[in-house]
Structure formats: C-alpha cells, structure tokens
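Generate coordinates for the sequence data below:
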Amino acid sequence: YYFLSGYTAKLAGTERGIKEPLPTFSSAFGAAFLLLHPTKYAKELAKKMEKHGATAYLVNTGWTGGSYGQGKRIDISVTRKIISAILDGSIDNAEYEELPTFGLHIPKELEGIDSTILNPRNTWKYVASYEKQARMLADKFIENFENFTDTDEGQRLVAAGPKDKFMKQYYSYFEKKIKEMQEDHRHEIGRLKDQIYILQNSYHEYISFNSINTTYKQKKLNRHLPLYAYYGTDNKSLRLKGHEAVMKLIDSIGFQFYHPEKEALDYNQRMAVSKEKISLDEVYEKIYLIEDLVNGCTKMDEDIVKNYQLFIKQNKAIPEFAIKIGNLLLVKTTDEEQEENYHCRRLSVSGMIHLDKHPDLLKKPRRLLHELDTFLAI
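Below you'll find the predicted structure:
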C-alpha cells in the first residue's frame with residue numbers, strides 16, 4: 001500500500017512556487033518513470049519479498065514534532081540507530097503499539113533512542129493539532145489511492161491503508177469473517193477430497209467384508225472389540241472415573257479389556273475381547289444394547305442398566321466426550337445453556353474409513369457430528 005502510494009513532499013528550493021513543504025504522492029516513488037501500471041511493480045516487490053523472506057519497514061527520516069516551522073528534521077544519528085535495530089533484528093523483539101488512523105505498528109522502545117520520538121503523536125506540543133493533521137494526511141492517502149482501485153489488487157490493498165475508528169471496526173470485523181470463511185473453505189475442500197476417497201473405497205471395503213465366508217461370521221469365536229475414547233477434560237480424576245465406568249459398561253455386555261490397569265488419558269485406544277465365544281451377529285447385538293440405553297430402552301439385564309446409569313453419572317462433570325465402540329459412536333456435548341446432549345450413531349463403512357483416516361476427529365466431538373451429518377451417514 002505505502003509503496004504504491006509513494007508518499008513524499010514538495011520542498012521549497014526544489015519545486016517552483018513552493019514556499020513550504022506540501023504532501024504529494026509518486027507511485028512506487030518513481031511515477032514519472034513507470035511504463036506499466038503501478039500495481040505490477042507492487043506485485044513484483046511482494047513476490048521478491050516472499051521469495052527471500054524479507055520484511056519491509058517504514059522509517060521516517062523527515063519531519064517530526066509539529067507542522068512546518070514548528071517541528072524539526074529527525075537527527076541522522078537517530079535514523080542510523082533505527083536502521084541498526086532493523087538490521088540486527090532487535091526491533092523485532094520490541095513491544096509494539098498501534099498508531100491510530102494509519103494502523104501502523106511502532107516500537108515503544110529501542111536501545112539508545114529517546115522513546116518519545118518513536119511515536120510521532122508524542123512529539124507534537126498539542127495532541128489535537130497532531131490528530132487534525134494526521135486525519136488530513138490520511139484523507140489525502142485515501143483520495144490518492146483511488147487511482148489504483150481500477151484493479152482487483154488495488155481494491156484488495158485499500159484495507160491496508162489509513163482508516164478512522166469506524167472504518168477500522170468495519171475492516172476488522174470483515175477481516176475476521178473472511179479468515180473464518182477461508183478456514184471453512186479449506187476444511188470443505190479437504191472434506192470433499194475425503195468424500196471422494198471414501199466413496200471409492202467404501203464399496204470395495206463392503207464387498208471385501210461381505211465376501212468373508214458366512215461360516216466365519218456364524219462361527220462361535222472369542223471376538224475382539226476395539227474401543228477409542230476421548231474425554232474433554234484435563235482433570236485426571238474425572239478421566240479415570242469416566243474411563244472406569246466405560247470399562248464396567250463394556251464388561252456388563254460381555255467383553256473384557258486387555259490391560260485394564262492402563263492409565264486413562266484424554267485420548268485412549270483399548271482392545272476388548274468377548275468373555276464367551278460368540279458369532280459376529282451377536283457382537284453387534286451386544287454393542288447395540290448401548291444404543292438402546294441411550295434411546296431410553298431399559299428392558300434388558302439389570303446389571304447392564306445399572307452400569308449405564310453409573311457411566312452417565314461418572315461422566316456428568318465432563319463437558320464432552322466421544323467414544324467409538326466397534327461401529328457404534330457415542331458422543332456427549334454440552335451447549336451454552338449447560339444442557340447435556342447425548343448422541344449415538346451406527347457408523348457406516350464409509351464413516352469408519354473416515355475415522356480411521358482422521359482419528360483426531362474424536363477429539364473434536366462437535367465437528368465429528370457435523371461431518372457425520374454432512375456426508376458420512378450414507
């Protein structure tokens with residue numbers, strides 16, 4: 001923005017008819033010599049800076065302390081110290097404050113420099129005079145930059161220029177919204193790519209699964225049951241109580257865990273095995289008892305009902321969790337009114353593939369539910 005603006009001043013002695021400095025603008029600090037649109041040169045500068053990891057600084061080597069006749073030119077020794085701070089990197093470690101109207105960030109202190117002169121507002125005798133002059137100059141910047149709004153690049157850079165407090169609020173709000181939209185867009189692109197992957201693979205997985213010999217499915221075996229659990233709390237005691245309640249519930253439907261003494265973390269992967277030899281259909285029947293309990297059905301073994309009630313009680317203080325038991329997903333969320341909501345889903349083949357591909361989704365229960373509702377319930 002400031003490169004395109006090319007702010008400078010016409011000085012007495014170098015310009016005919018000039019008695020005191022007058023602000024003026026020369027695109028890219030050399031408008032008379034530019035053959036192409038100024039934004040072409042600005043883009044090239046930005047490209048070079050990005051390529052070489054360069055940072056640009058605006059350094060005032062001119063007037064400070066008041067309007068012409070009242071202030072003075074900045075001492076060259078001060079300019080040298082500022083340039084040295086830029087070159088040795090110490091300026092990057094300084095604490096910054098924002099210059100009103102222009103939105104520029106300026107260091108509060110630099111070694112060997114009177115901190116008063118770092119902020120031009122502090123060098124003027126009357127703050128009101130400074131603010132009036134600053135607004136006038138800002139208006140000139142805004143008016144001059146209209147010369148570049150005939151291109152998309154120029155329109156985009158308007159937000160980087162001076163603005164009053166109302167414009168600043170306006171831009172800040174929309175900058176935030178744009179960033180949120182960009183993030184949502186990035187997630188959406190990733191989700192659509194995943195959906196393509198899932199649709200390509202779920203059919204093959206389904207065929208592969210159902211091509212297994214029916215005898216194997218019906219044969220009585222000690223069946224394994226994987227469990228993945230995320231507890232949304234840093235409180236170890238709450239995690240332990242919640243996890244112990246999960247293990248008791250799984251135990252009551254007929255499965256026992258390998259290494260039950262293993263420490264309960266915020267994210268856990270466990271493997272259980274059926275206590276008795278059962279068929280594959282019986283595995284699903286046992287898992288779906290939990291779904292029935294979530295839906296309010298209690299016509300089953302009293303021990304299972306009792307352990308489910310204990311599970312709910314022990315997880316009362318945990319605001320959110322996500323537990324995947326085989327192909328069954330159990331999620332708890334808490335809304336802004338502190339109302340608890342329990343969600344239970346049977347995962348499709350595509351849903352299980354998606355979770356296997358993105359296991360961290362269990363750590364984001366709300367997003368997980370959103371993705372399930374969006375396209376995984378197929």
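
low-scoring pLDDT stretches of the stretch 251-378 of the chain, where are they?
Filtered on pLDDT under 70, the stretch 251-378 of the chain yields the residue ranges 375-378.

Which parts of it are helices?
For the stretch 251-378 of the chain, the helices defined by DSSP state H, counting those that start in this stretch cover 280-294, 302-314, 349-357, 365-371.

from the middle of its chain, how far away would the first one be?
Just to be clear, that refers to helix 280-294. Between the centre of helix 280-294 and the centre of its chain there are 38 Å (Cα atoms, centre = their mean, to the nearest Å).

List every C-alpha atom in that helix, with coordinates, as CSV.
The C-alpha trace of helix 280-294 is given here as CSV (Å, rounded to 0.1, in the frame of the first residue of the first chain):
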residue,chain,number,x,y,z
LEU,A,280,-20.4,-61.8,14.6
ASP,A,281,-24.1,-61.0,14.7
GLU,A,282,-24.0,-61.5,18.5
VAL,A,283,-21.2,-58.9,18.7
TYR,A,284,-23.5,-56.3,17.1
GLU,A,285,-26.4,-57.3,19.3
LYS,A,286,-24.3,-56.7,22.4
ILE,A,287,-23.0,-53.4,21.1
TYR,A,288,-26.4,-52.1,20.1
LEU,A,289,-27.7,-52.7,23.7
ILE,A,290,-25.8,-49.4,24.5
GLU,A,291,-27.7,-47.7,21.7
ASP,A,292,-30.9,-48.9,23.2
LEU,A,293,-30.0,-47.5,26.5
VAL,A,294,-29.2,-44.1,25.1
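
Tabulate the helices of the stretch 251-378 of the chain in TSV, adding columns for mean neighbour count and distance to residue 71.
Every residue, glycine included, has its C-beta placed from N, CA and C. Shown next, in TSV, are the helices of the stretch 251-378 of the chain (neighbours: other Cβ atoms under 10 Å; distance: least, Cβ to Cβ, whole Å):
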stretch	mean neighbour count	distance to residue 71
helix 280-294	17	74
helix 302-314	16	71
helix 349-357	19	64
helix 365-371	18	56
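
Out of those, flag the one nearest residue 85.
With Cβ to Cβ as the criterion, residue 85 lies closest to helix 365-371 of the helices of the stretch 251-378 of the chain, at 43.9 Å.

Summarise which helices and strands that closest one is packed against.
Helices and strands touching helix 365-371, as assessed by 3 or more Cβ pairs under 8 Å, 6 or more residues apart in numbering; DSSP states H and E, comprise strand 321-325, strand 328-334.

re earlier: with residue 160 as the reference, name the closest of the helices of the stretch 251-378 of the chain.
Of all those, helix 365-371 comes closest under Cβ to Cβ, at 32.8 Å.

Kindly format the C-alpha coordinates of the closest one as CSV.
These are the backbone C-alpha positions of helix 365-371, laid out as CSV (Å, rounded to 0.1, in the frame of the first residue of the first chain):
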residue,chain,number,x,y,z
PRO,A,365,-16.9,-34.1,19.0
ARG,A,366,-18.9,-31.3,17.6
ARG,A,367,-17.0,-31.3,14.3
LEU,A,368,-17.3,-35.1,14.2
LEU,A,369,-21.1,-34.9,14.5
HIS,A,370,-21.1,-32.2,11.8
GLU,A,371,-19.2,-34.3,9.4
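
where does that helix sit relative to the chain's centre, distance-wise?
Distance, stretch centre to chain centre, for helix 365-371: 16 Å (Cα atoms, centre = their mean).
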